[in-house]
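Visitor: no sequence on this one, just coordinates:
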């Protein structure tokens, strides 16, 4: 509880100090020896070929690092570019939550609204559907069954995808999937894990429903809600909802190591992830988002950010934001890709880590990325 209080006070201090400006504006590169140390750590991770490639950005008020290692494409050994675009999986939830909170600020909805107020036909088919609130879905305290844990969810993906063993690729058509069909297939008929608000359990179903609430409340497609309420205000130019709008940039090749070797799953589109995990983005756009969110630019009321970054009892999760120790952010996993966005209120530093594989194997830990730069960020000699 004390640590949560410190985080809230730190965030409020940043807001009052007017830290909404992006640190990149006046930032310089870290000294060559520090850059070399971070780069060597990254190269050590990719040297074994898993992950094939990675991107790391560190953005602080006075310093920045924009690095990449390994390959964006193994066939022609294309070097990974620092500006490469990745599918970011559940980091999407941070943006979905931010849109909902902005709608609440605008008076379009409230966080205490019930699911039934916005999606009555859906609510009547879910356990406790008339009691579940928008806040509980944001915080994963609704008790709803997790869509990806249905016994047929991954079976359907494997059945639908096309595998070319000779080329070493797997693909799944890029199509817009109706979230109501997703609920019909994988959620309806499943018992609640607990009564709403009783405890915490991570469920992608919450964020599928929140995407539907956004569309109902804002009266626009989800992709447009992201664009008008997040991308445009924050100057994000490369982020888009995979399969629901035209791609703005090419995604680097993504790989999975399930089976005998690496399989290229770049064209395997898990568009069913939608508002729970369907976004494509770049490190620069994610830095802009983190700065806008944690610096206060995105919201009119500072209390909105405090609410998002206050963990619900019995968890390390706020409203679309994970609280791990002294860091705030989210991780994401989706076929072929991993992503992590972390923010340190103490250092006012954003760290983005992106990988073009989906295993839980080798990675550059947050401490590994930050330890070489801590003396500079803390003003130590």
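Guide: Great, that's in hand. The model shown is predicted, which means the values in this text are computed figures rather than measured ones.
Visitor: how near is the closest residue to residue 266 other than its chain neighbours to residue 307?
Guide: Nearest residue to residue 266 in three dimensions, chain neighbours excluded: residue 253, at 4.6 Å (C-beta to C-beta, 6 or more residues apart in numbering). No exception for glycine: its C-beta is placed from N, CA and C like everyone else's. According to C-beta to C-beta, to the nearest Å, residue 253 stands 39 Å off from residue 307.
Visitor: quick one: contacts for the residue nearest to the spatial centre of the chain?
Guide: Compute the mean C-alpha point of the chain, and by C-alpha atoms, centre = their mean the closest residue is residue 91, 0.5 Å away. Contacts for residue 91 (C-beta atoms under 8 Å, 6 or more residues apart in numbering) come out as 279, 281, 286, 330, 331, 332, 339, 340, 341.
Visitor: in helices, which of the residues you listed appear?
Guide: Among the contacts of residue 91, the members falling in helices (DSSP state H) are residue 286.
Visitor: just the ones in strands from the contacts of residue 91, please.
Guide: Among these, the residues falling in strands (DSSP state E) are 279, 281, 330, 331, 332, 339, 340, 341.
Visitor: who wins on neighbours among the residues you listed?
Guide: Sorting the ones in strands among the contacts of residue 91 by how many neighbours each has (other C-beta atoms under 10 Å) puts residue 279 first, at 31 neighbours.
Visitor: verify the stated contact: that one with residue 86.
Guide: No - between residue 279 and residue 86 there is no contact, the gap being 9.7 Å when judged by C-beta atoms under 8 Å.
Visitor: state which strand of the chain is the longest.
Guide: strand 63-73.
Visitor: could you give the mean pLDDT of it?
Guide: For strand 63-73, mean pLDDT rounds to 97.
Visitor: residues in contact with residue 270?
Guide: Going by C-beta under 8 Å, 6+ apart, residue 270 touches 157, 172, 277, 278, 334, 335.
Visitor: residue 256 now?
Guide: With C-beta under 8 Å, 6+ apart, residue 256 has these contacts: 170, 262, 263, 265, 335, 336, 357, 358, 359.
Visitor: same check, this time on residue 275
Guide: So residue 275 contacts 92, 96, 179, 207, 208, 210, 211, 212, 214, 222 (C-beta under 8 Å, 6+ apart).
Visitor: pull the most distant pair out of those.
Guide: Using C-beta to C-beta, the pair of these lying farthest apart is 92 and 212, separated by 14.6 Å.
Visitor: more neighbours: which of the two?
Guide: Neighbour count, other C-beta under 10 Å: between residue 92 and residue 212, residue 92 has more, with 30 against 21.
Visitor: nearest residue to the more buried one other than its sequence neighbours?
Guide: Leaving aside its chain neighbours, residue 92 sits nearest to residue 279 (4.3 Å; criterion: C-beta to C-beta, 6+ apart).
Visitor: quick check: pLDDT value at the one you found.
Guide: 98.
Visitor: circling back: so which of the contacts of residue 256 sits lowest on pLDDT?
Guide: residue 359 (81).
Visitor: make sure it is indeed in a helix.
Guide: No - assessed with DSSP: H, G, I helix; E, B strand; the rest coil, residue 359 is coil; it does not lie in a helix.
Visitor: my read: it touches residue 262, true?
Guide: No - counting by C-beta under 8 Å, residue 262 is not a contact partner of residue 359; they are 9.8 Å apart.
Visitor: who's more crowded, those two?
Guide: Between residue 359 and residue 262, residue 262 has the larger neighbour count (other C-beta under 10 Å), namely 19 against 16.
Visitor: how many neighbours does residue 37 have?
Guide: Neighbour tally, residue 37, other C-beta under 10 Å: 16.
Visitor: that one in helix, strand or coil?
Guide: Here residue 37 is recorded as helix under three-state DSSP.
Visitor: ok, now which ones touch it?
Guide: By C-beta under 8 Å, 6+ apart, residue 37 lies in contact with residue 372.
Visitor: any idea how far it is from residue 362?
Guide: In terms of C-beta to C-beta, residue 37 sits 18 Å off from residue 362.
Visitor: can you give me the helices in the stretch 151-300 of the chain?
Guide: For the stretch 151-300 of the chain, the helices defined by DSSP state H, counting those that start in this stretch cover 153-160, 179-186, 204-218, 222-226, 232-234, 274-277, 283-294.
Visitor: hey, least reliable of the ones you listed by pLDDT?
Guide: Of all these, the minimum mean pLDDT falls on helix 153-160 (a mean of 90).
Visitor: so what touches that one?
Guide: In contact with helix 153-160 (C-beta under 8 Å, 6+ apart) are residues 147, 148, 172, 173, 185, 186, 270, 272.
Visitor: surely the fourth one is in contact with residue 268?
Guide: No - shown here, residue 173 and residue 268 do not form a contact pair, counting by C-beta under 8 Å, at 9.5 Å.
Visitor: okay, these two: which has more neighbours?
Guide: Neighbour count, other C-beta under 10 Å: between residue 173 and residue 268, residue 268 has more, with 24 against 12.
Visitor: got the contact list for that one?
Guide: Residue 268 makes contact with 161, 170, 171, 172, 254, 335, 336 under the criterion C-beta under 8 Å, 6+ apart.
Visitor: from residue 172, how far out is it?
Guide: Distance from residue 268 to residue 172, by C-beta to C-beta: 5 Å.
Visitor: common neighbours of those two, please.
Guide: With C-beta under 8 Å, 6+ apart as the test, residue 268 and residue 172 both reach residue 161.
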